[in-house]
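In: Give me a model of this one.
(chains A and B)
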Amino acid sequence: MKISTTARNLWLGTAALAGVAILWHIAALRVGLPVILPGPSAVFSRLATMICEPNFWCHVGATLLRGLAGFLLSLAVGTAVGLVAGIFPTLEALFRPLIVVLRSTPSMAFIVLALIWFKGDWVTLFVIFLVVFPIIAQNVIEGVRNIDRELLEMVTVFHVGKLRRLTVLYLPSVASYLAAGIAAGLGITWKVLIAAEVFAYPRTGIGTQMDTARVYLETDKVFAWSLVVIAIGLCFDYAVRAVSRKQEETRKGNRHV
Amino acid sequence: MRRIMIWAMIVGMLLAGSLSMGAEPAPVRVLALSGNTGLAMVRMMDQPVIDGVNYQFQVYKSPDQLIGKLVTGEADIAALPSNTAAILYNRGTGIQISSIIGWGVLYVTGQDRNIKKWTDLKGKEVFIGGKGAVPDLLFQYLCQKNGLRPDADLHITYVASPAELAHLVIAGKAPLAVIPEPWVTEVLEHSSQIQVLLDFQKEWGRIEKTQPLYPQTCVVVRKQFAKEYPERVQAFSRELAKSISWLEQNREKGGVLAEKYVSLSRVSVEKGLVRCNLKYSDAYTVRNEVQMFLSRLYEVMPQAVGGKLPDENFYYRP
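Out: Sure, this is the predicted structure:
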């Protein structure tokens, strides 16, 4: 039963993508000018030649590194702030407005400010941090708040040490919220990173390449790079899901024992 | 007064529209950039009716906005950097180059008076507005010809556009910058410390052993439009040539018009016009210069001219 559902979903997904590709192809034929809308075949053949160029992996690598650096920083700070704010209500009152403000600021505003204040890689780091950090922090705060009250009372009654409380109670309870935060945060990391790169022009990076392609009206290349970014996003999304599913399973397994 | 004129125009347009549907020829749509190319056209913007045909001018800050309109056929005539014209032509967008108007307006500005020749830039940080555009490509080309590797011997920092770079220079945040006129004068007006250190045009002349001029900006026409209305292209070119020579003789009036139409300051036009190298030529008469210029840009970056040098059909012939 389960296998057939997965198979059906896979089939539906493929059909949807194929439908989009067909519509895209027809639209490209109707427009008739590849500068405006290159067809899927042109884009994929461009992608194939791009992948063979040695610089391709340079740009992909630079973007990946930048994205991961920004994301990991946000993850670390976001988790720490989230835990502290979740545990101490005073601190939560302090941090919450800040987080809300950050979350509702358009990421373009961060990019513009970063361009004025910083140079080079600091721009992307700053922008990713300001966008992703509040997502992580908010999720962790929610996680801490939803910890089982009885468990909480129990650790207080039995005088469990602070470090042990963190590792045994807080972190495991927060895990599923954190996982949701990570999935959302990683997804948005690539989006804002590319936008920031387009404006900040680091020497290597997908955003820079996209902008150069735009300047030289190589629209097929812009599409091809977009596909690369989509692929990166999908890969990470898949990895995060796989890891959190596995954790879920082990946790369930532990309970049965 | 101005308000009355605007109302008069609106009423006139409504009347014209209701009374003589179709009798009035459709206006010619012209796109220009707020910089050198716009400056060349200010007089025409002020008197937009030529031989009974109305010319509608739109001024943009960056070529990108203008390219979009041109590609979708929403413009008949446009002023552009000449390499962008080559890219558009090579992409099959159906445009032809009709005239060359800007013959090089690039300079390196800064405070460091020790920089007297190109090789003095070694190890320095240089700011450029517009990655991959003519200033960037030509700067790299001239560096290479002087034995400097642009990616190793000096550090290039990119800013989105010349207009933005000019503000950075004025704010003292770009000690060495490649900027085009009329922004150079704008900068010099705001800061007494900054001066012109290097002249692209002279360096080009020295290296290529030619005149210190290169065809940087041009006018393109939509091929279909040129075929249907050759007389309008002719009239436009004629008036453009007149507008440019009028500007030379009437700097003050030109400055006033530039402030009104292309958001340049009056003073910078008055003082900077000498460095703007505006001169009208029919593109096909200077074909060799254009091909040579494009081939040099091609050397730096083949994509910068659309992957190949344009063929003969690139040049509009009346």
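In: Who are the contact partners of residue B:29?
Out: B:56, B:58, B:74-77 (Cβ atoms under 8 Å, 6 or more residues apart in numbering or on different chains). C-betas here are computed from N, CA, C, even on glycine.
In: Wait, a helix at it?
Out: No: counting by DSSP: H, G, I helix; E, B strand; the rest coil, residue B:29 is not part of a helix but strand.
In: and the gap between residue B:316 and residue B:221?
Out: 6 Å (Cβ to Cβ, to the nearest Å).
In: Which of the contacts of residue B:29 ranks first by neighbour count?
Out: Most neighbours among these, by other Cβ atoms under 10 Å in any protein chain shown: residue B:77, with 27 neighbours.
In: Write out the residues of the stretch 1-150 of chain B neighbouring chain A.
Out: Residues of the stretch 1-150 of chain B lying close to chain A by Cβ under 8 Å from any Cβ of the partner chain are B:64, B:67, B:71-72, B:87-88, B:91-93, B:130-133.
In: how does it look with 7 Å?
Out: Selection of the stretch 1-150 of chain B residues close to chain A by Cβ under 7 Å from any Cβ of the partner chain yields B:67, B:71, B:87-88, B:91-93, B:131-133.
In: Buried only: go through these for me.
Out: Among the residues of the stretch 1-150 of chain B next to chain A, those buried by neighbour count (16 or more other Cβ atoms under 10 Å in any protein chain shown) are B:67, B:71, B:87-88, B:91, B:93, B:131-133.
In: could those residues be laid out in TSV, adding pLDDT, distance to residue B:286 and secondary structure?
Out: Below are these laid out as TSV (pLDDT from 0 to 100; distance: Cβ to Cβ, whole Å; DSSP: H, G, I helix; E, B strand; the rest coil):
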residue	pLDDT	distance to residue B:286	secondary structure
B:67	86	23	helix
B:71	84	25	helix
B:87	93	19	helix
B:88	92	19	helix
B:91	89	23	coil
B:93	87	22	coil
B:131	85	28	coil
B:132	86	24	coil
B:133	89	21	coil
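In: can you pull the contacts of the residue positioned nearest the centre of chain A?
Out: Chain A has residue A:186 as the residue nearest its centroid, 1.5 Å off, counting by Cα atoms, centre = their mean. Counting by Cβ atoms under 7 Å, 6 or more residues apart in numbering or on different chains, residue A:186 touches A:71, A:236, A:240.
In: go on, residue B:310?
Out: B:86, B:89-90.
In: Highest neighbour count among those residues?
Out: Busiest of those [other Cβ under 10 Å] is residue B:86, holding 28 neighbours.
In: Now it: closest residue in space that isn't a chain neighbour?
Out: residue B:305 (4.3 Å; Cβ to Cβ, 6 or more residues apart in numbering or on different chains).
In: right, and that neighbour touches residue B:82 too?
Out: No: contact criterion Cβ atoms under 7 Å: residue B:305 and residue B:82 do not qualify, at 8.9 Å.
In: Show me which helix runs longest in the chain.
Out: Let's take chain A. In chain A, taking DSSP state H as the definition, the longest helix is helix A:219-256.
In: um, chain B though
Out: Every helix in chain B considered (DSSP H), the longest is helix B:230-249.
In: Taking helix B:230-249 as reference, get the angle to the very next helix or strand once past that helix.
Out: Going down the chain from helix B:230-249, the next helix or strand is helix B:251-261, by DSSP states H and E. Between the axis of helix B:251-261 and that of helix B:230-249 there is an angle of 120 degrees, by axes from the mean of the first three to the mean of the last three Cα atoms, to 10 degrees.
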